[in-house]
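**Q** Okay, predicted coordinates and the sequence, questions at the end:
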Amino acid sequence: MTDASVSTVAPTAPVFSPALSDEEGPRLAAELFREAFDAEPDGVWYAPGRVNVIGEHTDYNGGLALPIALPHRAFLALRRREDRTIRLVSPQTRDAVDVLDLDAIGPKGTPGEVRHWNAYVAGVAWALEQDGLGPLPGFDAALYSCVPLGGGLSSSAALECATAVALDEVAGLGLAGTPTEPDDAGRAHLVTACVRAENEVAGAPTGGMDQSASMRCAAGHALELDCRDGSTTQVPFDLAEAGLALLVIDTKAKHSLVDGQYGARRASCERSAELLGVGLLADVPASALPEALDRLAASGDADAEVLVRRTRHVVTEIDRTRRLVDLLQDGSPLAGAKLAEVGTLMNGSHDSLRDDYECTCPELDVAVDTARALGAHGARMTGGGFGGSAIALVDAGRVDEVARGIVAAYAEHGFNEPAFLDATPSAPAGRVA
Ligand code: GLA
């Protein structure tokens, strides 16, 4: 097909990825469990994916992030075993249950390496034991998730956190509390195990924002997360009340956190911090940025010019996040000049990620530019970037129009057809009642 013929194809209507309901998700996970293991699960646990409103690539720099939990969740039907065996099944592997030995699991690159999605489940059990919370029982588990895979919406963190709350209960760790009455300190503890599973067992050098969101968010709120000390504040974020919606655009552009690009950004930040003599880039206040950038430029480092741009992104992004949180917390309605300012901060975040952090891609930029042109108050990529998803803050009545415009723009560019999600701020990980 030539380019000219692509642009004449009438774009299809936007496809929204639905979130499984409180009834459907557990039913599908439990059915798969029964089919695979011929037994009843002890229960079904779930954990949400996330989008980050602002504060990107700040977590591993000790900065601020502001994620919300999605209504899209991973459901895990699980039954405790009396031995040390783990058996796992998902809709994709229903004909071949994976069998692992809890005593043999090890980090990536060791003989105990665990492959594919099993790493996110077995890795959490391994990390909890490494943390002194074992010995844990083995378990059988069936996964049914509606968090789009590879969409940059933390499908892996959702799986880790669903595993963590399930094991917390069946092994009697007593750390999580419930989604409505969470034990936040206990959840922070579980988050560290999930991050360890991701970093060491799955081998993705991520920073912990995703797992914190899945475990520690609250419905109707965004989570201000201070990644230096793990402290959090629930920030009211009732979009429906403000007549707004947060539209998620899953670009369907391939995204991976283990392909080296993410790790390269992280390494640049660590190098910058070292050259500046600080522990973390969050130690550089916005007021000291010009001087810090001059020092990096004059450092003689072979990558000095790159380090300048990476550092500029991180420090300005932390500042934008702080300002956006302050706006949301001032108690006034999210409208008028305040809404415009929130949008400007979101736009500034994307532009900085595109120009200074260089982690966007044509699909993300086209989604963002099109949403802005169609009247979004603000639009930006969300998550790690290099593909994945973007978000647009739009008037509730204009969601369909903006989504249609993006579908048309993608068709014109010859991109894969995007998918869309509604990002209502939802509940954190827990057990299905
Ligand atoms: C990914 C990582 C997070 C965070 C974001 C960027 O989602 O998993 O830890 O670094 O990218 O903000």
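**A** Happy to help now that I have it.

**Q** close to the ligand, is the helix ranked longest in the chain?
**A** If you go by DSSP state H, the chain has its longest helix at helix 304-328. No: counting by C-beta under 6 Å from any ligand atom, the ligand is not contacted by helix 304-328; separation bottoms out at 8.8 Å. To be clear about C-beta, it is placed using only N, CA and C from the backbone, and glycine gets the same treatment.

**Q** Buried ones in that helix, by neighbour count?
**A** Of the residues in helix 304-328, 304, 306-325, 327-328 count as buried by neighbour count, 16 or more other C-beta atoms under 10 Å.

**Q** What of stretch 20-33?
**A** In stretch 20-33, counting by 16+ other C-beta under 10 Å, buried: 20, 25, 26, 27, 28, 29, 30, 32, 33.

**Q** quick check, distance from that stretch to the centre of its chain.
**A** Relative to its chain's centre, stretch 20-33 lies at 22 Å (C-alpha atoms, centre = their mean, to the nearest Å).

**Q** For it, C-alpha coordinates in PDB please.
**A** Extracted in PDB, the C-alpha atoms of stretch 20-33 (Å, rounded to 0.1, in the frame of the first residue of the first chain):
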ATOM      1  CA  LEU A  20     -13.000  -5.800  33.600                       C
ATOM      2  CA  SER A  21     -15.700  -5.200  36.200                       C
ATOM      3  CA  ASP A  22     -15.600  -6.400  39.900                       C
ATOM      4  CA  GLU A  23     -17.600  -9.400  38.800                       C
ATOM      5  CA  GLU A  24     -16.100 -10.200  35.400                       C
ATOM      6  CA  GLY A  25     -12.400 -10.100  36.400                       C
ATOM      7  CA  PRO A  26     -12.600 -12.500  39.300                       C
ATOM      8  CA  ARG A  27     -14.900 -14.800  37.400                       C
ATOM      9  CA  LEU A  28     -12.500 -15.100  34.500                       C
ATOM     10  CA  ALA A  29      -9.500 -15.600  36.700                       C
ATOM     11  CA  ALA A  30     -11.300 -18.200  38.800                       C
ATOM     12  CA  GLU A  31     -12.600 -20.000  35.800                       C
ATOM     13  CA  LEU A  32      -9.100 -20.200  34.300                       C
ATOM     14  CA  PHE A  33      -7.900 -21.500  37.700                       C
END
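
**Q** what comes into contact with it?
**A** 39-41, 44, 46, 72-73, 75-79, 89-91, 94, 140-144, 146, 432-433 (C-beta atoms under 8 Å, 6 or more residues apart in numbering).

**Q** 7 Å - rerun?
**A** Residues outside stretch 20-33 that contact it (C-beta atoms under 7 Å, 6 or more residues apart in numbering): 41, 44, 46, 73, 75-77, 89, 91, 94, 142-144, 146, 432.

**Q** returning to what we had before: helices - which of the buried residues of stretch 20-33 land there?
**A** In helices, defined here by DSSP H, the members of the buried residues of stretch 20-33 are 25, 26, 27, 28, 29, 30, 32, 33.

**Q** what's the closest of these to the ligand?
**A** Comparing those against the ligand with C-beta to the nearest ligand atom places residue 25 closest, at 22.8 Å.

**Q** Quick check: pLDDT value at the closest one.
**A** Residue 25 is assigned 98 on the pLDDT scale.

**Q** Just to be sure, residue 420 is in a strand?
**A** Yes: counting by DSSP: H, G, I helix; E, B strand; the rest coil, residue 420 is located in a strand.

**Q** Of the contacts of stretch 20-33, which is the most crowded?
**A** residue 76 (34 neighbours; other C-beta atoms under 10 Å).

**Q** Name the helix or strand for that one, please.
**A** Assigned by DSSP states H and E, residue 76 falls within strand 67-80.

**Q** So which other helices or strands are in contact with that strand?
**A** On a contact count with 3 or more C-beta pairs under 7 Å, 6 or more residues apart in numbering; DSSP states H and E, strand 67-80 meets helix 24-37, strand 43-52, strand 139-145, helix 155-170, helix 209-216, strand 221-226.

**Q** Out of the ones you listed, which is closest to the ligand?
**A** Taking C-beta to the nearest ligand atom, helix 209-216 is the member of these nearest to the ligand, at 4.5 Å.

**Q** what about the closest one and the ligand, touching?
**A** Yes: interface with the ligand: helix 209-216 contributes 209, 210 (C-beta under 6 Å from any ligand atom).

**Q** Which residues belonging to that helix are considered buried?
**A** For helix 209-216, burial by neighbour count (16+ other C-beta under 10 Å) applies to 209, 210, 211, 212, 213, 214, 215, 216.
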